[in-house]
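# the following comprises the amino acid sequence and a computationally predicted model.
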Amino acid sequence: MPLGIGCTARPGQSRNNKTGSWRVYYPILDTEKCTKCGTCQLICPEGCITQNEDKTYAIDLDFCKGCGMCAEECPDKAKAISMHLEEK
Amino acid sequence: MVDRKLENFDCGHRACGGCGASAAVRMILKGAGENTIVVSPTGCLEVFSTPYPETAWKTPWIHSLFENASALASGIEASLKKQGRLGKEKILVIGGDGATVDIGTLCISGAFERGHDFTYICYDNEAYMNTGIQRSGATPYDADTTTSPAGACSTGNNRPKKDLPQILVAHGSPYVATATMAYPMDLMKKVEKAMNTPGPCYIQVHAPCCTGWGFDSAKTMEIGRMAVECGLWVNYEIENGELVSQKKVKRVPVDAYLQAQKRFRHLFRPERNEAEIAKIQAIADKNAKKYGIDIE
């Protein structure tokens, strides 16, 4: 690949890099318990939690690195996200 | 108003799981809004977000050397001004603490003295994490890093943290603030305010680093909150030299914050090092007195 001065890349090209393979624990979001506060979506370091049209949230496991911040920070009254060991 | 739905930092970047800096950058870009040109000096952020040809940025982004991010931002500002685009487009520098408090200080000082209209944000993970946890000017007292190792003859970093926000207040900056990624709404509001304030503004953002500090990746937000609760990190805003707001807390002893991190574990084993912990407590007490953060 040629690498010159002033090289540019198309925006958001990092999506080619599926960081989900790094994961040891994977999250499961229980939409029944979820209060739709949006905390997980705001704090996720990857930005891989998105809101669907019906206001529920979904975690994109292609990119989730399994850090567990969403499960930890999910408010006590909901605790809708749980972490599980990845079976490989 | 801060647009929480704005996503200018995409998935697939190579930060460690639970990285405080990458979470902070997502929030910063939400606060900064559209039409922002980002300048990043070398550091963790530059390395993990842009291994060519993959970039996580969805906003114009330019990389500079460690030392000259502010000079580059000054040049972009001058160019936008000449073209009549300044105001419609804004300039934001996001650098690490090494690039900010150590290597880039000269250029920051110059840019602030000349009064360019841009915002400088330092994500402060308190060491050179990208190259393998070497101490920087922002490393707190007694932290164990690879260049300030704790052992028989040393208790870690022997100098206190450099107070760069106060240095930039002395430059006459219209807006200087500190924030932490553990309080996202506060951080986003401060970024929005800085971006809309004419002149050079500065925000220092506390960004816990699970790899360098040694804690579980799920606890990043919790460590950030603990730092504020014990008084070792103070969230404040200074406008034109006047302290206008500070986060008030019911302060707890520094022990819990120190014990939660591997970089301070030498203070607790083989036995508790009372003398050193008292020195760190004194730093927290001094902060509390200086900024008046205690709830009576």
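Happy to help now that I have it.

# when you work out contacts or count neighbours from here on, use the C-alpha atoms and nothing else.
Noted.

# can you pull the contacts of the residue most central in space within chain A?
With distances taken as Cα atoms, centre = their mean, the residue of chain A nearest its centroid is A:Cys48 (3.3 Å). Listed by Cα atoms under 8 Å, 6 or more residues apart in numbering or on different chains, the contact set of A:Cys48 reads A:Gln41, A:Ile59, A:Asp60, A:Leu61, A:Phe63, A:Cys64, B:Cys11.

# ramachandran coordinates for it?
Torsion angles at A:Cys48 (phi, psi; degrees, to the nearest 10) stand at phi -100, psi 10.

# ok, back up a step: and the contacts of A:Cys48, which of them are buried?
A:Gln41, A:Ile59, A:Leu61, A:Phe63, A:Cys64, B:Cys11 (16 or more other Cα atoms under 10 Å in any protein chain shown).

# just the ones of those residues in strands?
Using DSSP state E, the subset of the buried ones among the contacts of A:Cys48 located in strands is A:Ile59.

# return the residues in contact with B:Phe264.
Applying Cα under 8 Å, 6+ apart, we find B:Phe264 in contact with B:Asp142, B:Ala143, B:Asp144, B:Leu258.

# go again using 6 Å as the cut-off
The neighbours of B:Phe264, taking Cα atoms under 6 Å, 6 or more residues apart in numbering or on different chains as the test, are B:Ala143, B:Leu258.

# interface residues of chain A facing chain B?
A:9, A:11-15, A:17-19, A:43, A:45-47, A:65, A:67-69 (Cα under 6 Å from any Cα of the partner chain).

# out of those, which end up buried?
Buried by 16+ other Cα under 10 Å: A:11-15, A:18-19, A:43, A:45-47, A:65, A:67-69, out of the residues of chain A next to chain B.

# out of the buried ones among the contacts of A:Cys48, which sit inside helices?
Those of the buried ones among the contacts of A:Cys48 mapping onto helices are A:Gln41, per DSSP state H.

# will you turn the buried ones among the contacts of A:Cys48 into JSON lines that also has pLDDT and distance to B:Ala275?
Below are the buried ones among the contacts of A:Cys48 laid out as JSON lines (pLDDT from 0 to 100; distance: Cα to Cα, whole Å):
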{"residue": "A:Gln41", "pLDDT": "94", "distance to B:Ala275": "43"}
{"residue": "A:Ile59", "pLDDT": "95", "distance to B:Ala275": "47"}
{"residue": "A:Leu61", "pLDDT": "95", "distance to B:Ala275": "47"}
{"residue": "A:Phe63", "pLDDT": "95", "distance to B:Ala275": "45"}
{"residue": "A:Cys64", "pLDDT": "96", "distance to B:Ala275": "43"}
{"residue": "B:Cys11", "pLDDT": "93", "distance to B:Ala275": "45"}
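
# which one among the buried ones among the contacts of A:Cys48 gets closest to B:Ile28?
Among these, A:Gln41 lies closest to B:Ile28 (Cα to Cα), at 14.5 Å.

# now do the contacts for the closest one.
A:Ile49 are the contacts of A:Gln41 under Cα under 6 Å, 6+ apart.
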